[in-house]
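Enquirer: Task: produce atomic coordinates for the following.
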Amino acid sequence: PARAVGVEVPWLDALLAQNERLKGLLEAQKNLGLSVQFARLVDVDLDPFRHRIVLDVGSAQGAKVGQPVIDAHGVMGQLVEVLPNTSVAMLITDPTHAIPVVVERTGLRAIAYGSGATDTLDLRDIPRSADIRSGDKLLTSGLGGRFPAGFPVGVVGEVSTDDKGMFIAATARPAAALDRSGEVLLLQEQQQPYGPPAPQEAIGPPAELAGPM
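Expert: Take a look at the predicted model:
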C-alpha cells in the first residue's frame with residue numbers, strides 16, 4: 001500500500017531496512033561460494049569491556065565454537081560459546097579480540113585489535129616505514145587459520161605515531177554494521193591442506209611394458 005504523504009510509519013521503515021539487510025546477506029552468500037548458515041540476533045551485550053551477541057542457532061543446528069560470523073558488509077566476529085539452541089559470538093571490537101589483517105592497497109600485514117567501541121578498531125606497532133593511509137581497506141589475511149583470507153574488516157581512519165614515536169598507530173572503522181545487523185551468516189569450517197601434496201599418478205607405459213631399468 002502507498003504511504004500517505006507526511007505520515008510516519010516506523011514499522012514500515014524497519015521492515016524495509018530488514019529486507020535490505022536480508023537482500024545483502026543473500027547476495028553475499030551467493031558471491032562467497034562458501035558453505036554458510038543463516039542466523040538471527042536474539043540479544044546484544046555491548047558493555048565497554050564485553051562485546052557479545054547471542055544468535056538463534058546452537059549445537060543442534062550445527063554451530064561450533066570458533067566459527068566466523070559475518071554480515072553483508074564484512075567480518076563481525078566469531079563464536080565463543082555454543083549451547084544447544086543458541087550461541088554467543090565475540091565481536092571484533094571486543095577489547096580481548098584480535099584479527100590478522102592485510103592492507104588491500106599495499107599488502108601490509110597487521111593486527112586489528114578491539115577497542116571497546118563499536119565503531120573503532122586499533123592497529124598498533126606498525127613500522128614507521130610502512131605505507132598505510134587513511135582510507136585504506138583492511139581485509140582478513142588468512143593467517144591463524146580462523147578467518148578465510150579476503151573478507152572486509154574495516155577502513156583505516158586516523159594514522160599517527162605512537163606515544164614513543166617509534167611506531168605507527170592507526171584506527172579503523174569496522175566494515176560490518178556491528179550495531180545494526182539483525183541477521184548474520186556463519187561460515188562453515190573450511191578444510192585446510194596440511195603436509196606435502198598427495199603423490200601424483202605415474203605417467204608412462206605400464207610397468208610390465210617398460211622393460212628393465
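Enquirer: make it CA atoms for all contacts and neighbour counts henceforth
Expert: Will do.
Enquirer: for this structure, longest strand please?
Expert: strand 36-47 (DSSP state E).
Enquirer: That strand packs against which elements?
Expert: Contacts defined by 3 or more Cα pairs under 8 Å, 6 or more residues apart in numbering; DSSP states H and E place strand 36-47 against strand 50-55, strand 183-187.
Enquirer: Give me the sheet partners of it and which way each runs.
Expert: Strand 36-47 sits in its sheet next to strand 50-55 (antiparallel), strand 183-187 (antiparallel), going by DSSP bridges.
Enquirer: Pull out the buried positions in it.
Expert: Val36, Gln37, Phe38, Ala39, Arg40, Leu41, Leu46 (16 or more other Cα atoms under 10 Å).
Enquirer: Go through those residues and name the one nearest Val88.
Expert: The closest of the buried residues of strand 36-47 to Val88 turns out to be Leu41 (Cα to Cα; 9.7 Å).
Enquirer: give the contact list for the closest one.
Expert: Ile53, Val54, Leu55, Asp56, Gly182, Glu183, Val184 (Cα atoms under 8 Å, 6 or more residues apart in numbering).
Enquirer: ok, the fourth one - how many residues close by?
Expert: Put plainly, it is Asp56. Neighbour count for Asp56, taken as other Cα atoms under 10 Å: 18.
Enquirer: Enumerate every residue touching it.
Expert: Ala39, Arg40, Leu41, Val42, Asn85, Thr86, Ser87.
Enquirer: The closest residue to the second one other than its chain neighbours and Pro84: what is the separation?
Expert: Right, Arg40. Excluding its sequence neighbours, the residue lying closest to Arg40 (Cα to Cα, 6 or more residues apart in numbering) is Glu183, at 4.5 Å. Per Cα to Cα, to the nearest Å, Glu183 is found 19 Å from Pro84.
Enquirer: could you pull out the helices for this protein?
Expert: Along the chain, counting by DSSP state H, helices occupy 10-32, 207-210.
Enquirer: So which residue is dead centre in the chain?
Expert: Residue closest to the average C-alpha location in the chain (Cα atoms, centre = their mean): Val75, at 2.1 Å.
Enquirer: That one: what's it in contact with?
Expert: Contacts of Val75 by Cα under 8 Å, 6+ apart are Pro68, Val69, Ile92, Phe151, Pro152, Val153, Ala175, Ala176.
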